[in-house]
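S.K.: Provided below for reference: sequence and predicted model.
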Amino acid sequence: MRKIRVVGMLVLAFILLNQQTSNACTNFLISKGATIDGSTMITYAADSHTLYGELYHQPAADHPEGAMRKIYEWDTGIYLGEIPQPAHTYGVIGNMNEFQLAISETTFGGRSELSSQPGAIMDYGSLIYVTLQRAKTAREAIEVMTSLVEEFGYYSSGESFSIADPEEVWILEMIGKGQGEKGAVWVAQRIPDGFISGHANQARITTFPLNDSKNCLYSKDVISFAREKGWFMGTNKDFSFSDVYAPVDFGAARFCDARVWAGFNKVVGGMDEYTEYAKGNVEQGGENDFATNRLPLWVKPDKQLSVQDVMEMMRDHFEGTELDMTQDLGAGPYGLPYRWRGLTWEVDSVEYCNERAISTQQTGFSFVAQCRNWLPDPIGGILWFGVDDTYSTCYAPMYCGITEIPECFAVGNGDLLTYSETSAFWTFSQVANYAYLRYNDMIKDVKIVQRQLEDKFVAFVPVVDQAAETLYNTTNEAQARKFITEFSVNEAEGMTERWKELYHYLVVKYTDGNIKRESNGEFVRTETGMPATPIFAGYPEWWYKAVVNATGDHFKVKGNSH
């Protein structure tokens, strides 16, 4: 790895430290008052069976008058059209720009008659990355996003967006107007200070204040459009965006909002009252026959959260709840909390389902975007970035002001059909897929290394912050950016190398269904240097009973078995 080339003070500081259809995603939104350090955070798991894990980079740029930007649908790469470029666009690392503005999303779909808009150019993915190049704050991002779809049309179906800057966190929900009219209807609400929110492929905004522009913004026709379509007849104050444009049903509760419930459940007491809803049992009533037992849009955590607390919210298989994926027969003998798709299946013409957890095998990349108002913008924003399954990934700190992407995360370093030895995605996928074979044992080894690395990153960051801020204030911004770039690149590359070592260790320890014996971190050998007899762990008793119940006397030993 390259050595960090900085003045003596920064070297010393560093020495001290070293003692794409993306329609099944999960987001959490953390306000400033809900965090230990006063930062804001949003999260994103970009889940798709066709999405590769890589870190996008759009450098800041100046554009001549009349320059145009081509728009390609993010999910498919299909060319949609072009829009005028502004005179200057901002630098973007992944889903965060150089001013600490961060945007993520989940697709909720909504009314099918609104999912297609002829001539529309702006799909949800392009909307995110174009806006990050043009806006500095969350409020400005809402203005840019809604203006773009009004002018150029909205190409996608219903979408929830998480938008954060160092001061505020907003949820914006949008759905197109369908065949007859260009643009979209939308509502945006600010998450109250001290609270957290979340969304996972189901629209979450219900009723909203009509006269509070500090905390709520909406399109002028969000209610009247629904009235014209005959979808809402009640009074304005009772209008519910979600219940009108994306009514909740079994799938929306069980497959989508249940993930929000699970994340909340990690940091908020009293979520048991929503268990039945999370199981898909939706109650409806009232004058408008809306759902009456759904999750609140935001909740107050029992304690202020650290960045690692938020990372852990993104790691969940419903453990400890009625939906715990490690406890049913489908988990197999080794407690595997994954179910290969499809999501639903039939037996004797009766439909059943698999759970859809926050942590899932088909994640391309995920992140925790952290915005910190006490530091200069290029240093204040950190995109804690990981690839593949959130449960077994490791989140590396990518400062928003970096000017280079680590090779392990670089676009073009492999893809979903091309293996690359230097790709973090393929390295982490190797470990995860091997761990799936004997999950309850191997995941313990994975979590040890994951925790070691993330603890190290969290310990490094304050000293790197201080050193970079000193450079920023006493030398220049370019040197500060160079320093944080080299730090981010080095740590990401080092993490990937450590994960390769972890894979080699797991192969040796668990090969052939056996478990090698260890002592003081070393595999055990006999006095003559031979491998010690491994542990024949076999299967749990309940699994043997299940086999007998399914096969009767087929495997019964008759007579002497020796």
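M.R.: Alright, I've got the coordinates.
S.K.: chain center to the longest helix along the chain: distance?
M.R.: Once the chain is assigned using DSSP state H, the helix that runs over the most residues is helix 439-474. On the basis of C-alpha atoms, centre = their mean, to the nearest Å, helix 439-474 sits 19 Å off its chain's mean C-alpha point.
S.K.: list the buried ones in it?
M.R.: 439-443, 445-446, 449-450, 453-454, 456-458, 460-461, 463-465, 467-472 (16 or more other C-beta atoms under 10 Å). In this view, the C-beta of every residue, glycine as well, is placed from N, C-alpha and C.
S.K.: let me know the angle separating the next helix or strand after it from helix 439-474.
M.R.: Note on helix 439-474: by DSSP states H and E, the next helix or strand toward the C-terminus is helix 477-510. On the basis of axes from the mean of the first three to the mean of the last three C-alpha atoms, to 10 degrees, helix 477-510 is oriented at 170 degrees to helix 439-474.
S.K.: helices or strands up against the helix or strand that comes right after helix 477-510?
M.R.: Heading C-terminal from helix 477-510, the first helix or strand you meet, by DSSP H and E, is strand 518-519. Strand 518-519 sits against no helix or strand, with contacts defined as 3 or more C-beta pairs under 8 Å, 6 or more residues apart in numbering; DSSP states H and E.
S.K.: helix or strand right after strand 518-519?
M.R.: By DSSP H and E, the next helix or strand past strand 518-519 is strand 522-523.
S.K.: strands paired with that following strand, and their directions?
M.R.: strand 518-519 (antiparallel) (DSSP bridges).
S.K.: gap between the strand it pairs with and the chain center?
M.R.: The answer for strand 518-519 is 36 Å, by C-alpha atoms, centre = their mean.
S.K.: quick one: contacts of it?
M.R.: 509, 524 (C-beta atoms under 8 Å, 6 or more residues apart in numbering).
S.K.: average pLDDT for that strand, rounded please.
M.R.: Strand 518-519 carries an average pLDDT of 94.
S.K.: same question for stretch 376-389.
M.R.: For stretch 376-389, the mean confidence score works out to 98.
S.K.: ok, back up a step: helices or strands up against the longest helix of the chain?
M.R.: For helix 439-474, the packing partners by 3+ C-beta pairs under 8 Å, 6+ apart are helix 8-17, helix 307-313, helix 377-380, strand 396-399, helix 424-435, helix 477-510.
S.K.: now that helix and helix 424-435, what's the angle there?
M.R.: Using the same axes, to 10 degrees: helix 439-474 against helix 424-435 is 160 degrees.
S.K.: ok so, going back, most packed of the helices and strands packed on helix 439-474?
M.R.: strand 396-399 (a mean of 27; mean count of other C-beta atoms under 10 Å).
S.K.: so what's the gap between it and the chain middle?
M.R.: 15 Å.
S.K.: same question for stretch 52-62.
M.R.: 18 Å.
S.K.: endpoints of it, how far apart?
M.R.: 30 Å (C-alpha to C-alpha, to the nearest Å).
S.K.: hmm, who's touching it?
M.R.: Counting by C-beta under 8 Å, 6+ apart, 20, 87-95, 98, 129, 132-133, 363-365, 383, 385, 387-388, 398, 403-406, 409-416, 424-425, 428 sit against stretch 52-62.
S.K.: the helices and strands packed on helix 439-474 into TSV, with extra columns for distance to residue 159?
M.R.: TSV is the format used below for the helices and strands packed on helix 439-474 (distance: least, C-beta to C-beta, whole Å):
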stretch	distance to residue 159
helix 8-17	40
helix 307-313	21
helix 377-380	27
strand 396-399	25
helix 424-435	25
helix 477-510	29
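S.K.: which of those has the lowest average pLDDT?
M.R.: Across those, helix 8-17 gives the lowest mean pLDDT, at a mean of 36.
S.K.: quick one: the helix or strand containing residue 275 to chain centroid distance?
M.R.: According to DSSP H and E, residue 275 maps onto helix 275-278. Centroid separation between helix 275-278 and its chain, computed with C-alpha atoms, centre = their mean, is 23 Å.
S.K.: helices or strands up against that helix?
M.R.: helix 258-267.
S.K.: how far off centre is the helix it packs on?
M.R.: The answer for helix 258-267 is 14 Å, by C-alpha atoms, centre = their mean.
S.K.: kindly export it (C-alpha atoms) in CSV.
M.R.: Output of helix 258-267 as CSV, limited to C-alpha atoms (Å, rounded to 0.1, in the frame of the first residue of the first chain):
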residue,chain,number,x,y,z
ALA,A,258,-41.5,-5.5,8.8
ARG,A,259,-37.9,-4.6,8.0
VAL,A,260,-38.5,-1.1,9.4
TRP,A,261,-40.0,-2.7,12.5
ALA,A,262,-37.0,-4.9,12.9
GLY,A,263,-34.6,-2.0,12.7
PHE,A,264,-36.6,0.0,15.2
ASN,A,265,-36.8,-3.0,17.5
LYS,A,266,-33.0,-2.9,17.9
VAL,A,267,-33.0,0.6,19.5
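S.K.: show me what that helix is packed up against.
M.R.: Using 3+ C-beta pairs under 8 Å, 6+ apart, helix 258-267 sits against strand 196-199, helix 275-278, helix 307-313.
S.K.: residue 215 is nearest to which of these?
M.R.: strand 196-199 (12.8 Å; C-beta to C-beta).
S.K.: which of the helices or strands spans the closest residue in space to residue 231 that isn't next to it in sequence?
M.R.: Leaving out its chain neighbours, the residue that sits closest to residue 231 by C-beta to C-beta, 6 or more residues apart in numbering is residue 244, at 5.2 Å. Assigning secondary structure by DSSP H and E places residue 244 in helix 241-245.
S.K.: any idea which helix or strand carries residue 318?
M.R.: Going by DSSP H and E, residue 318 is not in any helix or strand.
S.K.: from what I can see it touches residue 263, true?
M.R.: No: the pair residue 318 and residue 263 does not pass the contact test of C-beta atoms under 8 Å, sitting 10.6 Å apart.
S.K.: low-confidence ranges, this protein, go.
M.R.: 1-23 (pLDDT under 70).
S.K.: so residue 394 sits right up against residue 494, yeah?
M.R.: No: judged on C-beta under 8 Å, residue 394 makes no contact with residue 494 at a distance of 10.8 Å.
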